[in-house]
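Participant: could you work out the structure for the sequence below:
(one chain, ligands or ions: 1)
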Amino acid sequence: MTTFSPSDYQCDVLIVGSGAAGLSLALRLASHYRVTVLSKAQVNEGSTLYAQGGLAAVFDETDSVDSHVEDTLIAGAGLCDREAVSFVASNARHCVQWLIDHGVAFDTDPQAGGEMRYHLTREGGHSHRRILHSADATGREVETTLVGQALRHPNIRILERTNAVDLILSDKLGLPGPRRVMGAWIWNRNRERVETCQARAVVLATGGAAKVYQYTTNPDVASGDGIAMAWRAGCRV
Ligand SMILES: Cc1cc2nc3c(=O)[nH]c(=O)nc-3n(C[C@H](O)[C@H](O)[C@H](O)COP(=O)(O)OP(=O)(O)OC[C@H]3O[C@@H](n4cnc5c(N)ncnc54)[C@H](O)[C@@H]3O)c2cc1C
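Facilitator: Residues are numbered from 1 along each chain as shown. Here you go, the predicted model:
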């Protein structure tokens, strides 16, 4: 039987990944839970940092969520799941507003007089202007702001240069009952040793897998690790 006690780190929620997904979740959970965030490289390295154009959400009064959904389905050429598209389009404005409330500075429209209006651009496939942006470095603005907030939060611990290698599963430890995820094995690149983190819940927010291709605009950390770990633990992918 393998044991991982005492573990090197303990927390309520372990979030693997410090991009927009991981950090926004960490900030939402941290008022109630002790959160540990793992980052494979420096905390800000990931696709989020390099995103340029901006975030699509319905902010214009002449626009609608239905139109955003239809445009997305057309652009997806039959590959999109309508339910997922609807969910994302319906929640986009609320999520963008959450970023604004957390200090992300999107460009405003100087033509809008005294009113606080965001400058919306129009990108390929969109029938309306619905892209909020921060010049052409939107992801950098999002990532830098969220990193700053997370680093200041007393309930969030960020571990840089720490690769989650695999999930720790209850059955592998010989524990009875249905298989549960108990934490993760971590390769700590700073100390050059394998460590463990025990958590009540583990979230995989490791971004994409574009590094399976020889040529990609994605950074090196986008190697699909979370998808592989989930698969090995028995998740449907
Ligand atoms: C060049 C470029 C331009 C883009 N432009 C836009 C745009 O204009 N608008 C738009 O909406 N989207 C754009 N995107 C897509 C967008 O950036 C991503 O969809 C989004 O940032 C993904 O966020 P994420 O948090 O899921 O992943 P990421 O930001 O990639 O974060 C993944 C995190 O997981 C960590 N990680 C991975 N594996 C491990 C592991 N084994 N252990 C520990 N940590 C791990 C990484 O270190 C990183 O911190 C662009 C992407 C790129 C690359």
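
Participant: other residues contacting stretch 121-138?
Facilitator: Stretch 121-138 is contacted by residues 51-60, 62-63, 67-68, 70-72, 74-75, 96, 104-107, 118-120, 140-142 when judged by C-beta atoms under 8 Å, 6 or more residues apart in numbering. Every C-beta, even on glycine, is put in place using the N, C-alpha and C of the backbone.

Participant: and this structure, which residues reach the ligand?
Facilitator: Listed as neighbours of the ligand in the chain under the rule C-beta under 6 Å from any ligand atom: 16-22, 38-41, 45-48, 50-55, 139, 163-164, 205-207, 217-218, 221-222, 225.

Participant: now Ala105: how far from the ligand?
Facilitator: Going from Ala105 to the ligand by C-beta to the nearest ligand atom, to the nearest Å gives 16 Å.

Participant: try Glu195
Facilitator: Glu195 sits at a distance of 12 Å from the ligand (criterion: C-beta to the nearest ligand atom).

Participant: any idea which helix or strand carries that residue?
Facilitator: Here Glu195, judged by DSSP states H and E, is contained in strand 193-204.

Participant: next one: the closest residue to the ligand within the chain, what pLDDT does it get?
Facilitator: Per C-beta to the nearest ligand atom, the residue of the chain with the smallest distance to the ligand is Gly19, at 2.2 Å. Note on Gly19: pLDDT of 98.

Participant: test my guess that it contacts Gly46.
Facilitator: Yes - judged on C-beta atoms under 8 Å, Gly19 makes contact with Gly46 at a distance of 3.9 Å.

Participant: anything in contact with each of those two?
Facilitator: Contacts common to Gly19 and Gly46, judged by C-beta under 8 Å, 6+ apart, are 143, 207.

Participant: shaky segments in the chain?
Facilitator: Flagging of the chain using pLDDT under 70 yields the residue ranges 1-5, 112-116.

Participant: just the helices in it please.
Facilitator: Ranges of helices in the chain, per DSSP state H, are 20-29, 47-50, 65-75, 82-101, 138-152, 225-232.

Participant: tell me which of those helices sits most buried.
Facilitator: Highest mean neighbour count among the helices of the chain (mean count of other C-beta atoms under 10 Å): helix 20-29, with a mean of 22.

Participant: that helix - contacts with which helices or strands?
Facilitator: Under the contact criterion of 3 or more C-beta pairs under 8 Å, 6 or more residues apart in numbering; DSSP states H and E, helix 20-29 touches strand 9-16, strand 35-38, helix 82-101, helix 138-152.

Participant: what residues does the second one touch?
Facilitator: Contact with strand 35-38 is made by 9, 11-18, 22-23, 26, 29, 43, 150, 155-159, 162-164, 184, 186, 197, 199, as judged by C-beta under 8 Å, 6+ apart.

Participant: change it to 7 Å
Facilitator: The contact list for strand 35-38 (C-beta atoms under 7 Å, 6 or more residues apart in numbering) reads 9, 11-16, 18, 22-23, 26, 29, 150, 155-159, 162, 164, 186, 197.

Participant: buried subset of the residues you listed?
Facilitator: The neighbour-count test (16 or more other C-beta atoms under 10 Å) applied to those identifies 9, 11, 13-16, 18, 22-23, 26, 29, 150, 155-159, 162, 164, 186, 197 as buried.

Participant: mind giving me the domain ranges of the protein?
Facilitator: Domain segmentation of the chain under automatic domain parsing yields 9-48+148-232, 53-136.

Participant: correct me if wrong: Val13 contacts Val203.
Facilitator: Yes - between Val13 and Val203 there is a contact at 6.5 Å, judged by C-beta atoms under 7 Å.
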